[in-house]
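Peer 1: Dropping the sequence and predicted coords here.
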Amino acid sequence: MSSSLSKKLDFIFKLLIGVDLIAMLVIFIHARIWEDFPFPFIGSRLNNPFMFFLILLILRAWVNSGFREKYLALIKRLTTEPPTRVYFFSFLLMVQIGLEIMWFLYPTDLYWSLNAEKGYGTLFATAQLFVLGFVVLITARADFGPDAPLKSKLPWFLVAFVYFFIGLDDCIGIHENFINIGRTLALESVVFHFVHEWLWFYAPMIVVVVIFLARFFLRRFFYSPRIMSTMFVALILWIMVLVLEGLAKSVVDPVSYDYDRLLIGVEEGFEMLGATLFMIGFSQHLKKLQEKSQPNL
C-alpha cells in the first residue's frame, strides 16, 4: 500500500471514528440525559456504533503503523509492567463488581441490565474481549518471533480469533438470530426446545473450541503451573456459563424472576471474570518472555 493511499485511508477512518463517537454521544444523551435533545433520534442502542468504532480503530491501525504500535505498546505496558498491571487488572475487576451491583439494584433498567445487548455490561465485556484478543497477538509476536513459519503462528491467530468472535457476538447478538431461527424448527421436539435454541447451532463449534483451547494451554503453558491453572480456571468459568445457559430456559426461568436475575448475574460474572483471567495468563506469559529476552546485568 502506497504512503499517499495510507494517509488518505487514515484520514477517512479518523473522520469516521469522530462521526461514530458523536453518534454514540447523541444516543447516550437521548437515552440517559435529555430525551427531547434537539438532534435527530438515531436509535437507543449503543452496541452497533460501538462495534463500528472498534472496527474503525482496527482498520486505522492497519493503515497507520505509528497509531498501531503506539496503542499496542500501551496495551503491553498496562498488562505487563508493575505496578501498572496491578492497577489495570484491579480496575477491570472493580468495573465487573460495579456492573453486578447495578444489575441487582436496577434490574429493570436496560442499560444496567446484564441480559440486554444494549447494556453497559455488554459494552465492557466486548471491549475487554477485544483487548484480550490484542494481548494474545502481542504475546504471539513475542513468543514465536518474526521469522516463525505459519504452522507456529496459526494456533495463536486462532486463539485471538476466538476472543474477537465472542466479543463480536456479545456486542451485536449474532446468537440471537439463531434463537429466532430455532424457534421455527422441530416444533414437536421437547429436547430441542429445552435449552435456548442457539446452543444447538453453536454446540459443535463450542466443543471444538474448548478442546482446541485446552490443548493449546497444555502445550504452551505446561512450563508454568501457575499460568496453566489460571487458563483452565478461566476456561472452566466459560464452560459453566454454557451450563447455566442450558439450565436457564426450562429449569431456572420458570421458577421466579429473582432466580432468573441471580442466574444472569452469576453467568455474566463468570464470563467477564473468565476473560480477565485469560488476559492475566497471557500477559504473565508475555512478561516472562520479556524478562527472558533481557540480558542479565
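Peer 2: The structure has been received and is ready for your questions. Just so it is clear, the structure is predicted and the values come from calculations on it, not from any experiment. Numbers count the residues shown, from 1 in each chain.

Peer 1: mind listing what's buried in stretch 163-174?
Peer 2: Within stretch 163-174, the residues that qualify as buried are 163-164, 166-173, counting by 16 or more other C-beta atoms under 10 Å. The way it works is simple: take the backbone N, C-alpha and C, and place the C-beta from them, glycine included.

Peer 1: For that stretch, what is the distance to the chain centroid?
Peer 2: Distance of stretch 163-174 from the chain centroid (C-alpha atoms, centre = their mean, to the nearest Å) equals 7 Å.

Peer 1: Stretch 8-20 too?
Peer 2: With C-alpha atoms, centre = their mean, you get 24 Å for stretch 8-20.

Peer 1: if I look at Gly274, how far off is Pro82?
Peer 2: 23 Å (C-beta to C-beta, to the nearest Å).

Peer 1: So for those two, which residue has more residues nearby?
Peer 2: Gly274 (21 against 8; other C-beta atoms under 10 Å).

Peer 1: Switch the buried residues of stretch 163-174 over to CSV; also include secondary structure, distance to Ser6 and pLDDT.
Peer 2: Below are those laid out as CSV (DSSP: H, G, I helix; E, B strand; the rest coil; distance: C-beta to C-beta, whole Å; pLDDT from 0 to 100):
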residue, secondary structure, distance to Ser6, pLDDT
Tyr163, helix, 27, 97
Phe164, helix, 23, 97
Ile166, helix, 31, 96
Gly167, helix, 26, 95
Leu168, helix, 26, 94
Asp169, helix, 31, 92
Asp170, helix, 31, 90
Cys171, helix, 28, 91
Ile172, helix, 29, 89
Gly173, coil, 34, 84
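
Peer 1: Could you export those residues as TSV, including distance to Pro155?
Peer 2: Converted to TSV, those look like this (distance: C-beta to C-beta, whole Å):
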residue	distance to Pro155
Tyr163	13
Phe164	15
Ile166	17
Gly167	19
Leu168	20
Asp169	21
Asp170	23
Cys171	25
Ile172	27
Gly173	28
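
Peer 1: wait, which of those is closest to Trp62?
Peer 2: Distance to Trp62 across the buried residues of stretch 163-174 (C-beta to C-beta) is lowest for Phe164, with 14.0 Å.

Peer 1: Skipping adjacent residues, who's closest to the closest one in space?
Peer 2: Nearest non-adjacent residue to Phe164, counting by C-beta to C-beta, 6 or more residues apart in numbering: Gly133, 4.5 Å away.

Peer 1: again with Phe130
Peer 2: Counting by C-beta to C-beta, 6+ apart, Gly167 is the residue found nearest to Phe130 once chain neighbours are left out, at 5.0 Å.

Peer 1: Distance of Ala148 relative to Arg32?
Peer 2: 48 Å.

Peer 1: neighbour count winner among these two?
Peer 2: A direct count of neighbours by other C-beta under 10 Å for Ala148 and Arg32 places Ala148 higher, at 14 against 11.

Peer 1: Just give the nearest non-adjacent residue to the residue positioned nearest the centre of the chain, would you?
Peer 2: Nearest to the geometric centre of the chain sits Leu129, at 2.2 Å (C-alpha atoms, centre = their mean). Computed as C-beta to C-beta, 6+ apart, the closest residue to Leu129 that is not its neighbour in sequence is Gly167, at 3.3 Å.

Peer 1: ditto for Asn115
Peer 2: Spatial nearest neighbour of Asn115, chain neighbours left out: Ile264 (4.8 Å); criterion: C-beta to C-beta, 6+ apart.

Peer 1: Centre of the chain to stretch 124-140, how far?
Peer 2: With C-alpha atoms, centre = their mean as the basis, the mean position of stretch 124-140 lies at 7 Å from the chain mean.
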